[in-house]
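J.: Can you look at this prediction? I've put the sequence above it.
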Amino acid sequence: MSLPACLKCNSEFVYQDQRLLICPECAFEWDPEEHAAENAPLTEKDANGNTLQEGDKVTLAKDLKVKGSSQVLKVGTKALVRRIVEGKDHQLDCRIDGAGEMMVTAKFVKRA
Ligand SMILES: [Zn+2]
């Protein structure tokens, strides 16, 4: 099992002491399990309540107006979830077929 580099100074000489990882160079200590939980990728629920993750292919569950233009994205348009961000809406940073990159609300898409 190989240990990760120090989160602070990137030292490769990190060692493990029970649950903690310790860096001998800058004396930084951390709990790798806690760190993993904090950095777990965000997920969102789609129109059907399915869990969406980054990299999922989706289709639009309804017609969506493109903000600031007269363009309408039709229901069924394909998109790729590039990134998920925190928020009440517009959580999905998507690449949409024919429309480019756009923030879309999770409940307006379906996992493909
Ligand atoms: Zn360090």
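T.: Alright, I've got the coordinates.
J.: which parts of the helix or strand bottoming out on mean pLDDT in the chain are buried?
T.: Lowest on mean pLDDT, DSSP states H and E among the helices and strands of the chain sits helix 32-38, with a mean of 83. Buried residues in helix 32-38, counted by 16 or more other C-beta atoms under 10 Å: none are found. Yep, even glycine has a C-beta here, placed from its N, CA and C like the rest.
J.: residues making contact with the helix or strand following it?
T.: Counting by DSSP states H and E, the element after helix 32-38 in chain order, helix or strand, is strand 44-45. Contact with strand 44-45 is made by Thr51, Leu52, Ile84, Gln91, Leu92, Ala106, Lys107, as judged by C-beta atoms under 8 Å, 6 or more residues apart in numbering.
J.: quick one: low-confidence parts of the chain?
T.: Residue ranges of the chain with pLDDT under 70: 1.
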